[in-house]
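1. Turn this into a structure:
(chains A and B)
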Amino acid sequence: MAMAAALRREGRRFASPLISSQPITHVRSSLIPEYGTDNSLLFQLRNCPHESIFVIPKMEHVPLGARSISTQIVRNRMKSVKNIQKITKAMKMVAASKLRLIQTRAENSRGLWQPFTALLGDTPTVDVKKNVIVTISSDKGLCGGINSTSVKVSRAINRLTSGPDKETNYVILGEKAKVQLIRDSKKSITMCMTELQRNPLNYTQVSVLADDILKNVEYDALRIVFNKFQSVVSFIPTMATVLSPEVVEREAESEGKLGDLDSYEIEGGETKGEILQNLSEFQFSCVLFNAVMENACSEQGARMSAMDSSSRNAGDMLDRLTLTYNRTRQASITTELTEIISGAAALEG
Amino acid sequence: MLRQTSRLLARSIATTQQPIRLMGARPMSTDMPATPVEDSTFVESWKKVAPNIDPPRTPSAFMKPRPSTPSTIPSKITVNFVLPYASELTSKEVDMVIIPATTGQMGVLPGHVPTIAELKPGVLSVHEGNDVKKYFLSSGFVFVHANSVADIVVVEAVPIDHIDQNLVQKGLADFTQKLSSATTELEKAEAQIGIDVHSALNSALAG
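-> Got it, this is the predicted structure:
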């Protein structure tokens, strides 16, 4: 009896080869659920929502040696699900702390693009020949759907701005968008930058990046696609437009949204064109800086909520597995008792 | 579906939290309008191309509203002084600002003609009544609008009293020496920029 109790306490990990002597045979049989006889148990198992997660044992009587494995399988699965839950919880904590750090900085950088929009207006429907779509995405995965959203929006903008005599190119920041866009738009990708967040984001790094892009890419209008961080659960795909100085002049002359740009006096510099060029480059670096920070915030927020729902799902799965495991275990104990009692009753009379 | 619920949530938060905004307080992200104004032509052309995807928002949807051009000259000028890391002054009403434009020090009073000015490294002073606050700017742009709003966008700014005189002298000496020993055009240009900035710092500290 002590041996039986000890075996049960050991978690039934000992397979049948260890158990050979007679008094313990009835203990061994307790490890084996009688699936063939207990229809209700099978019914419950069949209707379990995640029935794919474990194998439904066969209906015939399996030789005694092999039957203890089914609880083993369930127990292994429980262990791995518990580990996954721990990992996702830890990832959520890490993402939350990173989010806290970067959120204040992103919100401070929000004032940076407003003066430019106040001066030059917002012109998403501008009609130009050379469009460049700057897609900002993350390098690491497990951050929900934000990268796919950015890529979908970029592709739609490509369709929107394409036409006869026009060309649209991509500049990609971040690994995840590169992987997705390289599949169908490999020819239109001009530049690709990854590992932006190896050092903490700062304006100097982004301005060098902006300089690089402006030098190597011919553009009439730059469209920056990113996820704006509105709150921890909401990330809004946004498109910011930066025009080249020639297009700015053209739009100002044609009395569009920039119509009153001519009323501004230009101080300093030799020509108006030079100032407009500096202005356009400065605008691009400021808007890109804000976009990169907002996207980084969105990435951490999305990762937090993705890991949170993962942990919750893992917890649910663990609960279901535990219930099944206990039911199996109790059914086998009941079977064993029934055998003993019916055996004893048969002996008596 | 999840996006809808978050949008509804944001809308309910925005309507329930109508705080008394302090002068110059930045709005929190929950205070932003939950259903911002959208550019209708853009939305229409988007729907034709990609009807199944929501159109992206554009920056004008998130802009803080700006005052309209008044008919008479206002008494004070509204200053927005922004850096990449912070907004130093947001919608602050002052009497005058003196900015270091590339053509020299320029004073901006209420009712100034609309201007776009590029800045060189120098001192910005903000005058409000008898208060004068001085900052040293690295460089940037100033936009003065018709509604007497001045936007000062700079890369780096420090209050004057945070600058160390000794380090400035040392830096100036360093860069002068680098200029004399420079070989390539790039090195010469970099050293020249260093000298410009440090001499501006020097004159800023002087007065």
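2. Model confidence for B:Ala200, exactly?
-> Looking at B:Ala200, its pLDDT is 86.
3. Could you list the domains of chain B?
-> Annotated domains of chain B cover B:74-162, B:165-206 [the TED database].
4. most tightly surrounded among the ones you listed?
-> Most buried of the domains of chain B by mean neighbour count (mean count of other Cβ atoms under 10 Å in any protein chain shown) is domain B:74-162; its value is a mean of 19. Using the backbone N, CA and C atoms, a C-beta is placed for each residue, glycine as well.
5. Can you redo the domains of chain B as TSV, where the extra columns are distance to chain A?
-> Converted to TSV, those look like this (distance: least, Cβ to the nearest Cβ, whole Å):
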stretch	distance to chain A
domain B:74-162	3
domain B:165-206	14
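6. how about these in a markdown table, adding distance to A:Met91?
-> Below are those laid out as a markdown table (distance: least, Cβ to Cβ, whole Å):
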| stretch | distance to A:Met91 |
| --- | --- |
| domain B:74-162 | 28 |
| domain B:165-206 | 43 |
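7. What parts of the stretch 1-150 of chain A come near chain B?
-> Residues of the stretch 1-150 of chain A lying close to chain B by Cβ under 8 Å from any Cβ of the partner chain are A:105, A:107-119, A:121-122, A:124-125.
8. So which of the residues you listed are in helices?
-> Those of these mapping onto helices are A:105, A:107-108, A:114-119, per DSSP state H.
9. Of these, which is the nearest to A:Leu209?
-> Among those, A:Arg105 lies closest to A:Leu209 (Cβ to Cβ), at 17.0 Å.
10. List the contacts of that closest one.
-> Counting by Cβ atoms under 8 Å, 6 or more residues apart in numbering or on different chains, A:Arg105 touches A:201, A:293, B:85.
11. per-residue pLDDT, the nearest residue to the last one once chain neighbours are set aside?
-> By that I understand B:Tyr85. In space, and not counting its chain neighbours, B:Tyr85 is closest to A:Asn108: 5.5 Å by Cβ to Cβ, 6 or more residues apart in numbering or on different chains. If you check A:Asn108, the pLDDT there is 89.
12. Please apply the same query to A:Pro200.
-> For A:Pro200, the pLDDT comes out at 88.
13. quick one: secondary structure of it?
-> Per DSSP: H, G, I helix; E, B strand; the rest coil, the secondary structure class of A:Pro200 is coil.
14. Okay, and the closest residue to B:Val123 other than its chain neighbours sits in which element?
-> Closest residue to B:Val123 apart from its sequence neighbours, by Cβ to Cβ, 6+ apart: B:Ala204 at 4.6 Å. Per DSSP states H and E, B:Ala204 falls inside helix B:185-206.
15. ok, B:Gly104 - contacts?
-> By Cβ under 8 Å, 6+ apart, the contact set of B:Gly104 is empty.
16. Can you show me the strands along the stretch 101-250 of chain A?
-> With DSSP state E, counting those that start in this stretch, the ranges of strands along the stretch 101-250 of chain A come out as A:130-136, A:167-173, A:189-193, A:221-231, A:234-243.
17. C-terminal to the helix or strand of chain B with the lowest mean pLDDT, which secondary structure element comes first?
-> Scoring the helices and strands of chain B by mean pLDDT, DSSP states H and E places helix B:2-16 at the bottom, with a mean of 49. Note on helix B:2-16: by DSSP H and E, the next helix or strand toward the C-terminus is helix B:40-49.
18. average pLDDT for that following helix?
-> 86.
19. again with stretch B:114-129
-> 88.
20. I'd like to know how many residues surround A:Lys228.
-> 26 (other Cβ atoms under 10 Å in any protein chain shown).
21. now swap in B:Pro51 and tell me
-> With other Cβ under 10 Å as criterion, B:Pro51 counts 8.
22. Can you tell me how far it is from chain A?
-> From B:Pro51 over to chain A the distance is 10 Å, taken as Cβ to the nearest Cβ, to the nearest Å.
23. Return the residues in contact with that residue.
-> Here B:Pro51 is in contact with no residues (criterion: Cβ under 8 Å, 6+ apart).
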